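Need coordinates for the following:
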Amino acid sequence: MTKIIIIGVDGGTLDLIIPWVKQGKLPNFAKIIKDGVHGKLRSTTPHYSAPAWVSIVTGVHPGKHGIYDFFHTDCFTKKLVSSKYRKAPAIWNYLTEKDFGSIVVNVPGTYPPEKIKGAMITGLLTPSPESDFTYPKELKKELVDEKIGRFELEQVEVDDIPKILTAKYAPEKLAEQVNIITESHGIVTLNLMKKIDWKFTMVVFRGTDDIQHLLWNRPDLILSCYQKADEYIGKMIEKYPDANFIIVSDHGFGKPDKYFYVNNALYNAGFLKTNSNPSHSLNTLITLLFDRFSKIIFHIIPMQKIVRSKIGRKFILSSGFNSSIDFSKTSAFYHSICSRGIRITLKSKYKQGIVDEKDYEKLRKEIIDFLETIKDSDTGEKIVKKIYKSEEIYGKNAVNDPLDIIFDLKENYGAQELIKPGDSLKSFFEETKTLPVLSKPGFYDWDGDHKPDGILFMYGKNIKPGKQVDASVVDIVPTVLSILNVPVPDYIDGKLIEDAFIKKPEFKKIKIEQEKQMLKASEIKKLQKILTS
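Numbers count the residues shown, from 1 in each chain. Reported below is the predicted structural model:
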């Protein structure tokens with residue numbers, strides 16, 4: 001039976017890959033374009049990593065799997081999501097039930113690791129190196145150079161500060177760190193593939209995302225990270241020439257010219273209130289001083305060691321922007337930098353909520369109408385491209401309490417959650433009644449940001465040569481299951497990427513009740529646990 005290897009290149013974009021292929025700088029991507037399929041992979045709405053990667057591995061849209069952000073959307077605090085928060089089975093759950101071995105390495109949102117047939121090393125959102133981030137648990141002890149290889153663990157949120165500083169003051173060092181991580185994950189994956197009996201392997205190389213966010217203006221350094229991913233794609237193709245390869249990204253990338261400070265706008269309009277005047281708050285002063293003295297801090301303080309400590313991690317995760325919001329007077333706020341979503345603070349849902357149920361739709365319309373008025377003062381043009389009520393994207397039966405309003409900005413605009421009066425210490429001492437809504441990328445903003453279209457490359461036996469095919473993130477799971485001749489549960493949203501194949505695999509949909517009947521009694525119990533956990 002065919003082996004399938006999915007390689008994630010986080011944030012991968014054809015806007016960079018195709019020109020570099022033409023210049024001869026990415027030989028393995030070039031080989032796949034010539035002998036296989038390539039095209040765009042449409043991301044989720046909104047196009048951010050947390051929901052997109054989960055849709056890639058579940059085959060369903062966020063309304064069914066319940067991951068809308070890196071943080072829980074059913075509370076006001078910054079609580080990281082986990083694999084337990086996911087409400088749909090992943091591809092490795094189906095394959096485990098079929099007794100097919102899987103290797104899963106560095107896939108975002110997989111912590112804590114699930115019990116599968118095979119091995120799992122969790123990726124982004126793993127809380128700390130001290131966590132039990134492998135299955136089986138004993139695998140962690142083998143992640144050393146003389147055995148499977150040293151695994152460079154990634155984290156979210158707490159590592160952002162040292163990464164930002166490194167990008168600003170030692171960009172070459174950040175690229176080097178990113179490439180060391182990619183190499184670590186490539187080596188560990190290849191060694192696991194030699195050790196374990198498997199039908200399915202998935203590894204995600206996330207360095208391309210970090211480097212594009214922080215160093216979009218350094219294409220030479222971005223190229224080095226794509227080349228490192230290209231190198232390990234080539235090694236896997238060489239080692240497993242008979243496998244089917246699917247290379248994907250969760251979204252694309254580009255450069256925003258300006259950032260929309262959403263909570264500043266909500267503050268100006270009276271929807272959001274703060275505990276003190278944002279112009280003179282302690283949070284604002286700390287933010288501005290950190291910016292001013294960041295170069296000194298970078299050179300004299302071991303930032304990564306500090307932020308990864310238990311105290312450092314707790315401080316960072318508890319001192320975000322929402323610590324300055326007065327929820328006793330706030331009717332709506334922007335949830336996080338990665339959500340593109342606004343939460344209305346309903347009394348009936350949240351302990352800190354203040355909005356009556358009878359006022360909900362009226363308030364939601366007011367906020368939507370307000371968002372439609374936001375203009376760029378330099379051009380006079382509106383910046384919001386599309387606004388959705390949550391049910392328009394996620395459905396009326398969406399799980400895990402999605403945000404109330406989702407919006408998409410026009411190209412070249414990004415969104416920011418910070419509440420601050422300006423980018424200089426001078427602004428701290430000025431008396432202002434309104435906060436800036438739009439600004440060029442500053443110290444706390446990304447140089448590069450997401451675009452909706454990621455990448456799709458397919459290569460191997462039965463894959464059409466030189467074919468361009470576009471697909472969606474939800475199409476990956478049904479395509480993998482069809483290649484492996486596994487029935488596709490009828491609630492899966494995606495479809496077989498049939499134009500990619502010389503001979504189309506059989507696409508068999510089956511009701512989940514039928515699937516249960518086909519399983520042994522002991523397997524039924526395990527599947528029920530997966531579906532209800």
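
Who are the contact partners of G448?
For G448, the contacting residues are Q212, H213, L214, L215, W216, F253, G254, K255, P256, by CB atoms under 8 Å, 6 or more residues apart in numbering. Placement of C-beta: from N, CA and C, glycine included.

next one: phi and psi at the first one?
So that's Q212. Dihedral pair for Q212: phi -70, psi -40, per degrees, to the nearest 10.

which residue sits closest to T345, ignoring its sequence neighbours?
Distances taken as CB to CB, 6 or more residues apart in numbering place G353 nearest to T345, at 4.2 Å, with adjacent residues excluded.

and which of the contacts of G448 is nearest K382?
Of all the contacts of G448, K382 sits closest to P256, with 16.0 Å by CB to CB.

for the residue lying closest to the closest one once chain neighbours are set aside, helix, strand, or coil?
Using CB to CB, 6+ apart and skipping residues adjacent in sequence, the residue nearest P256 is G414, 3.7 Å away. Following DSSP: H, G, I helix; E, B strand; the rest coil, the label given to G414 is strand.

Distance check, G414 against P46.
12 Å (CB to CB, to the nearest Å).

Compare neighbour counts for these two and give me the winner.
More crowded of G414 and P46, by other CB atoms under 10 Å: P46, with 26 against 20.

wait, that one sits on G341?
Yes. Contact criterion CB atoms under 8 Å: P46 and G341 qualify, at 7.3 Å.

anything in contact with each of these two?
I406.

Am I right that P436 sits in a strand?
No. Counting by three-state DSSP, P436 is not found in a strand; it is coil.

Next, it: phi, psi?
Main-chain torsions, P436, degrees, to the nearest 10: phi -70, psi 140.

and it, how many neighbours does it have?
Residues contacting P436 under the criterion other CB under 10 Å number 16.

can you check D356 too?
D356 has 11 nearby residues by other CB under 10 Å.

Likewise for P129?
Quick note: P129 (other CB under 10 Å) scores 12 neighbours.

Grab the nearest non-local neighbour of it.
Nearest to P129 is L153, by CB to CB, 6+ apart, at 5.3 Å.

Contacts only, for the one you found.
L153 touches T126, P129, F133, counting by CB under 8 Å, 6+ apart.

Most neighbours out of the contacts of G448, which is it?
That'd be Q212 among the contacts of G448, by other CB under 10 Å, with 29 neighbours.

my guess is that one meets I222, correct?
Yes. Look at Q212 against I222 with CB under 8 Å: they come within range, at 5.9 Å.

need the contact list for P489.
Contacts for P489 (CB under 8 Å, 6+ apart) come out as Y94, K509, I510, K511, I512, E515.

and which of the residues you listed is nearest K87?
I512 (13.7 Å).

is it true that the closest one touches D490?
Yes. Proximity of I512 to D490 meets the contact threshold set by CB under 8 Å, at 6.9 Å.

count of neighbours near the spatially closest residue to E142 that is not a sequence neighbour?
Closest residue in space to E142, ignoring its immediate chain neighbours: I148 at 4.7 Å, by CB to CB, 6+ apart. The local packing of I148 (other CB under 10 Å) involves 21 other residues.

and the gap between I148 and K362?
Distance from I148 to K362, by CB to CB: 58 Å.

again with D220
53 Å.

Then K504?
From K504 to K362 the distance is 51 Å (CB to CB).

and what of K168?
According to CB to CB, K168 and K362 sit 45 Å apart.

Also N191?
59 Å.

Neighbour count: these two, which is higher?
The neighbour count for N191 versus K362, taken as other CB under 10 Å, is higher for N191 (15 against 9).

Quick one: residues contacting the more buried one.
N191 touches K147, I148, G149, counting by CB under 8 Å, 6+ apart.

Which pLDDT does the model give the second one?
Put plainly, it is I148. pLDDT for I148: 97.

cool, L519 as well?
So L519 comes in at 47 (pLDDT).

how about the strand or helix carrying D15: buried residues?
Per DSSP states H and E, D15 falls inside helix 14-22. By neighbour count on 16 or more other CB atoms under 10 Å, the buried set for helix 14-22 is L14, L16, I17, I18, W20, V21.
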